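>>> return atomic coordinates for the entry below.
(one chain, ligands or ions: 1)
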Amino acid sequence: MDRETMVAAEGVRKRFGRTEVLKGIDLKVRAGEVCCVLGPSGSGKSTFLRCVNHLEKINGGRLWVNGRLVGYRHRGDRLYEMREHEIAAQRREIGMVFQRFNLFPHMTALENVIEGPVQVKREPVERARRHGLELLDRVGLADRADAYPGHLSGGQQQRVAIARSLAMRPELMLFDEPTSALDPELVGEVLEVMRDLARDGMTMIVVTHEIGFAREVADHLVFMDGGVVVEEGDPTAVLDSPRQERTRAFLSKVL
Ligand SMILES: Nc1ncnc2c1ncn2[C@@H]1O[C@H](COP(=O)(O)OP(=O)(O)OP(=O)(O)O)[C@@H](O)[C@H]1O
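Okay, the predicted model is just below:
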């Protein structure tokens, strides 16, 4: 795999019981690229992200992140399953933001942001605080560092969740419908933070129903349906001139 590639999936399969949810996903995401993933409910978008982030184990195919196989390591010609500490190290390179932000309610915004660096990476508290404040500033919440999640709006909480992921200095950020649980008037502020991250060159895979965002920010658009990548390419091309009937049918419902 070349150094430009951040994520590579080759024939990735995932089953839950007898149901095969991912039926051979082939996908490449280059470093610095924003890849938006669209598709109907149940098409396997979240499952794919969860596989990239070790939250699910694949049943077939190969998945690489940042030059390394996810969950396996080579010894000579043989592959071995990674041990827990190796998986933890690999996961630290990946930030993930979910639909529900799940901040610790008894911790302030800043305490939420520095929890990972201090507890997991053993960063000195003062350094983590300085970086945490910079990140809260970056997501437009410098003045809410001492607020508890219960006193923040959904959009503000989601921005804290983004800062919390960034605090681990990830190489790759995964977003799983980060705005779909928000009131419509709060969606824009979260998308703005994501747009800003994209401008800074962060590699991102974004599962979203925000077609406008995908059109504007994505370098690469992927349409998934039934556990496969049906169509992918330049966002304008896929959105305006889809080649596949399934893509056309989906877009005609959401556009
Ligand atoms: N842990 C699980 N156990 C059993 N089935 C699961 C599990 N996780 C997901 N599935 C099933 O896998 C299929 C794909 O789910 P997934 O959440 O990946 O789809 P999605 O494209 O992200 O959908 P949505 O847009 O609704 O979030 C669904 O049928 C779902 O019910």
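
>>> where does the protein dip in pLDDT?
For the chain, the stretches flagged by pLDDT under 70 are 1-3.

>>> near the spatially closest residue to residue 91 that is not a sequence neighbour, how many other residues are there?
Nearest non-adjacent residue to residue 91, counting by CB to CB, 6 or more residues apart in numbering: residue 54, 5.3 Å away. For every residue, glycine as well, the C-beta is placed using N, CA and C. Close neighbours of residue 54, defined as other CB atoms under 10 Å, add up to 18.

>>> centroid-nearest residue for this protein?
Most central in the chain under CA atoms, centre = their mean is residue 174, positioned 0.7 Å from the mean C-alpha point.

>>> what residues are up against that residue?
For residue 174, the contact set (CB atoms under 8 Å, 6 or more residues apart in numbering) comprises 49, 52, 53, 94, 95, 96, 97, 204, 205, 206.

>>> tell me the residues on the chain that lie near the ligand, please.
Residues of the chain lying near the ligand by CB under 6 Å from any ligand atom: 16, 21, 39, 41, 42, 43, 44, 45, 46, 47.

>>> 5 Å instead?
16, 21, 41, 42, 43, 44, 45, 46, 47 (CB under 5 Å from any ligand atom).

>>> just the ones of these in helices?
Using DSSP state H, 45, 46, 47 are the members of the residues of the chain next to the ligand that sit in helices.

>>> quickly list what the closest residue to the first one other than its chain neighbours is bridged to.
The spatially closest residue to residue 45, leaving aside those adjacent along the chain, is residue 207, at 4.4 Å (CB to CB, 6+ apart). According to DSSP bridges, residue 37, residue 176 are recorded as the beta-bridge partners of residue 207.

>>> touching, residue 207 and residue 176? I think so.
Yes - using CB atoms under 8 Å, residue 207 is in contact with residue 176, at 5.0 Å.

>>> which residues do the two both contact?
Common neighbours of residue 207 and residue 176 (criterion: CB under 8 Å, 6+ apart): 45, 46, 49.

>>> residues contacting the first one?
For residue 45, the residues meeting the contact criterion (CB under 8 Å, 6+ apart) are 37, 38, 39, 176, 207, 224.

>>> give me the buried subset of these.
Neighbour counting over those (16 or more other CB atoms under 10 Å) leaves 37, 38, 39, 176, 207, 224 as the buried ones.

>>> closest to residue 214 out of those residues?
Closest approach to residue 214 among these (CB to CB): residue 38, at 6.5 Å.

>>> which ones are touching that closest one?
Residue 38 makes contact with 45, 208, 209, 211, 214, 221, 222, 223, 224, 250 under the criterion CB under 8 Å, 6+ apart.

>>> do the same with residue 246
Residue 246 makes contact with 223, 225, 230, 231 under the criterion CB under 8 Å, 6+ apart.

>>> in a helix, it, correct?
Yes - counting by DSSP: H, G, I helix; E, B strand; the rest coil, residue 246 is found in a helix.

>>> ok, now how distant is it from residue 132?
Per CB to CB, to the nearest Å, residue 246 is found 44 Å from residue 132.

>>> coming back round to it: quick one: which of the contacts of residue 174 sit in strands?
Using DSSP state E, 94, 95, 96, 97, 204, 205, 206 are the members of these that sit in strands.

>>> surely residue 159 and residue 192 touch.
No - with contacts counted by CB under 8 Å, residue 159 stays clear of residue 192, the gap being 9.3 Å.

>>> quick one: the strands in the stretch 1-150 of the chain?
With strands called from DSSP state E, counting those that start in this stretch, the stretch 1-150 of the chain shows them at 5-16, 19-30, 34-38, 60-65, 68-69, 72-75, 78-81, 94-97.

>>> spatially nearest residue to the closest residue to the ligand within the stretch 51-200 of the chain (excluding sequence neighbours)?
Nearest residue of the stretch 51-200 of the chain to the ligand: residue 177, at 6.4 Å (CB to the nearest ligand atom). Among residues not flanking residue 177 along the chain, residue 99 sits closest, at 4.7 Å (CB to CB, 6+ apart).
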